[in-house]
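> Sequence plus the predicted model coming up.
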Amino acid sequence: MSTTTEKRGLFARAWASCSLGAKIVIVLIVLTLAYCTVGNMVIGMKADGVAREEAKAKADHAAALENARRARCATNLPTTIEAARAGMAEGKPEIALAKLFGCDLPSTATPEVLALLGQARAAKTKADETAKIARAKADAAAKLVADAADRKAAAELKAFKKKNGVAIGMSAQDVLDSSWGRPESVNRTTTANGIHEQWVYSGSSNFLYFENGVLTAIQN
């Protein structure tokens, strides 16, 4: 208790020692902080209220649409069932299902209607499986065509290389695929900088030089 009294006394003395101008500034600061705090609270409450009103309006709109849909379905149920039967007759079970699921069938639906719904589901499942198999076959056929095209292109490229000579920058495999083909012998030297190779052709009269697998010089 004495501590609280002492604090109040210290505050009173400090306040008394302030000039009038300082007191006015302090009061204005306190009032400004209080005004901002209350203003923020009011703005927050207004924003919450607007959000609740918007959410309620959306919910009311969705409910109104659903009620209107149910009313239409109740009025047009016989027409809906006939449209579903027509879809099944055309071999389009997806249409039948769209018609039947578009409206909530009454729990007292006749066995005939329930049977129609079951037939539509089974037909749709079968159609989906058939379409899946057809897509798989089409994908497999397309892959075969693509693979054949790749093999043909590779064969044509190999034949082209076989008809042509060598050029600086070729890889060792490119040289093997070229008209030079495989050398009679290879002299290989390994150093700190990599692997150096000399390929010898045609009775030691033609040479190719490689640095780390890349053709760097031709001597003939």
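Yes, it's here. Numbering: from 1, shown residues only.

> Find the least confident helix or strand in the chain, judged by mean pLDDT.
Here the helix or strand of the chain ranked lowest by mean pLDDT, DSSP states H and E is helix 2-17, holding a mean of 68.

> Run the chain-centre distance for the following helix or strand past that one.
Using DSSP states H and E, the helix or strand that directly follows helix 2-17 along the chain is helix 20-89. Averaging C-alpha positions (Cα atoms, centre = their mean, to the nearest Å) puts helix 20-89 31 Å from its chain's average.

> Let me see the mean pLDDT of helix 20-89.
The average pLDDT for helix 20-89 rounds to 75.

> how long is stretch 178-187 from one end to the other?
Start-to-end span of stretch 178-187 (Cα to Cα, to the nearest Å) is 20 Å.

> so how far is that stretch from its chain's centroid?
Relative to its parent chain, stretch 178-187 has a centroid offset of 51 Å by Cα atoms, centre = their mean.

> Touching that stretch from outside, list them.
Stretch 178-187 is contacted from outside by 161-166, 170, 176, 197-204, 206, 208, using Cβ atoms under 8 Å, 6 or more residues apart in numbering. (Glycine included, C-beta is placed from N, CA and C.)

> Need the buried ones from those residues selected in ChimeraX.
The following ChimeraX line selects those of these that are buried, judged by 16 or more other Cβ atoms under 10 Å:
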select :161,166,170,197,198,199,201,208
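
> now, which of the contacts of stretch 178-187 lie within strands?
Among these, the members falling in strands (DSSP state E) are 197, 198, 199, 200, 201, 206, 208.

> these two touch, right, residue 219 and residue 207?
Yes - Residue 219 is in contact with residue 207 according to Cβ atoms under 8 Å; the separation is 4.2 Å.

> what separates residue 34 from residue 41, distance-wise?
According to Cβ to Cβ, to the nearest Å, residue 34 and residue 41 sit 11 Å apart.
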